[in-house]
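Engineer: Just the structure for this:
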Amino acid sequence: MHTRWKPSVTVAAVIEKDGRFLLVEEETAEGLRLNNPAGHLEAGETPQQGCAREALEETAHRFTPTAMLGVYLSRFQRPGTGEDITYLRFAFCGEVGEREPQRPLDQGIVRTLWMTPEEIRASVERHRSPLVLRCVEDYLAGKRYPLDAVYTDAAVLQVPPAAMAA
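Structural biologist: Numbers count the residues shown, from 1 in each chain. Next comes the predicted model:
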């Protein structure tokens with residue numbers, strides 16, 4: 001019997017303010033890495049909602065997606081275990097609010113950084129994935145797609161009880 005391949009669906013926020021991009025420095029199995037505020041899409045949410053949630057959890061900034069940057073596919077093989085993971089990333093840009101200083105950062109997030117495009121390009125060896133820079137470059141190139149390019153059927157928003165227990 002053939003096992004069906006299922007990529008891990010993630011969402012990412014590309015947040016720019018005054019020529020700098022908001023990144024997170026996070027603990028990973030491969031050491032400290034830089035990433036866009038990003039994470040896994042959860043049951044019962046649209047990609048846009050997941051992106052706003054992840055940005056808030058990882059940066060303590062409220063984020064409102066206003067456009068989709070793109071949909072990205074990336075493969076990662078964990079050096080220590082050989083685990084093979086494919087990520088399907090929905091990346092959004094939008095409006096960022098002020099930092100909420102009382103809000104703690106998500107577990108594993110060491111700090112947030114505002115970096116210039118040049119600093120991001122110079123730190124490629126520290127990126128969590130090649131999608132970090134690719135999303136920033138697509139933003140700088142002016143790529144934007146309407147939010148309704150990603151349709152979420154209402155049934156997705158009705159979380160089955162088994163998913164809530166997981």
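Engineer: in the protein, which ranges drop under the pLDDT threshold?
Structural biologist: Low-confidence segments of the chain (pLDDT under 70): 1, 161-166.
Engineer: ok, which stretches of it are helices?
Structural biologist: Here the chain has its helices, by DSSP state H, at 47-59, 117-122, 131-140, 161-165.
Engineer: Which elements pack onto the second one?
Structural biologist: Contacts of helix 117-122 with other secondary structure elements, assessed using 3 or more Cβ pairs under 8 Å, 6 or more residues apart in numbering; DSSP states H and E, are made with strand 20-28, helix 131-140. Yep, even glycine has a C-beta here, placed from its N, CA and C like the rest.
Engineer: How many residues are close by residue 116?
Structural biologist: 12 (other Cβ atoms under 10 Å).
Engineer: Just want to check the distance between the residue lying closest to it once chain neighbours are set aside and residue 113.
Structural biologist: In space, and not counting its chain neighbours, residue 116 is closest to residue 20: 5.7 Å by Cβ to Cβ, 6 or more residues apart in numbering. Using Cβ to Cβ, to the nearest Å, residue 20 is found at 9 Å from residue 113.
Engineer: What of residue 35?
Structural biologist: 11 Å.
Engineer: dump the residue contacts of residue 90.
Structural biologist: 9, 10, 11, 12, 41, 47, 51, 68, 71, 150 (Cβ atoms under 8 Å, 6 or more residues apart in numbering).
Engineer: can I assume the fifth one is in contact with residue 50?
Structural biologist: It refers to residue 41. Yes: under the criterion of Cβ atoms under 8 Å, residue 41 makes contact with residue 50 at 4.4 Å.
Engineer: so what sits against both of these two?
Structural biologist: What both residue 41 and residue 50 touch, as defined by Cβ under 8 Å, 6+ apart, is the set residue 11.
Engineer: Common neighbours of residue 35 and residue 113, please.
Structural biologist: Common neighbours of residue 35 and residue 113 (Cβ under 8 Å, 6+ apart) are 23, 24.
Engineer: Looking at those two, which has the bigger crowd around it?
Structural biologist: residue 35 (20 against 16).
Engineer: Apart from its chain neighbours, what residue comes closest to the more buried one?
Structural biologist: Nearest non-adjacent residue to residue 35, counting by Cβ to Cβ, 6+ apart: residue 128, 4.0 Å away.
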